[in-house]
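1. Give me the fold of what follows.
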Amino acid sequence: MQEELSSIAKNIKKYRDKLGISQDKLSKLAGTTLHTLTKIEIGATSDPRIETLKKIAKGLNVSVDDLIK
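-> Numbering: from 1, shown residues only. Down below sits the predicted model:
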């Protein structure tokens, strides 16, 4: 049984889709690896490091709060 995606994973995808960018593009904007970003977005990493979230939020031009709410 698949666990529901975390709000972080859903929010990253929501904001990424809103910007119309790929995971690869976001990983470059955020300065993270595509592997790391993909794992977070599919829910394989349920508790990403705050440093990583800060980079992703910056790449999406949103706050960390926007990602975790």
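
2. which secondary structure elements does the helix of greatest length in the chain contact?
-> The single longest helix within the chain, with elements called by DSSP state H, is helix 7-19. Applying 3 or more Cβ pairs under 8 Å, 6 or more residues apart in numbering; DSSP states H and E, one finds that helix 7-19 makes contact with helix 23-30, helix 34-41, helix 50-60, helix 64-68. For the C-beta atoms, the positions are set from N, CA and C on the backbone; glycine is no exception.

3. Identify the residues contacting the spatially most central residue of the chain.
-> The centroid of the chain falls nearest to residue 12 when counting by Cα atoms, centre = their mean (3.8 Å). Contact analysis of residue 12 by Cβ atoms under 8 Å, 6 or more residues apart in numbering lists 26, 37, 40, 41, 56, 60, 67.

4. In this structure residue 59 contacts residue 29, no?
-> Yes - assessed by Cβ atoms under 8 Å, residue 59 is found in contact with residue 29 at 3.6 Å.

5. between these two, which one's more packed in?
-> Under the neighbour definition other Cβ atoms under 10 Å, residue 59 and residue 29 were set side by side, and residue 59 has more, 22 against 17.

6. so how far is residue 34 from that one?
-> 12 Å (Cβ to Cβ, to the nearest Å).

7. Return every residue with contacts to both of those two.
-> residue 27.

8. For the residue lying closest to residue 16 once chain neighbours are set aside, the count of nearby residues, please.
-> Once flanking residues are discounted, residue 16 sits nearest to residue 26: 5.4 Å by Cβ to Cβ, 6 or more residues apart in numbering. Neighbours of residue 26 under the rule other Cβ under 10 Å: 23.
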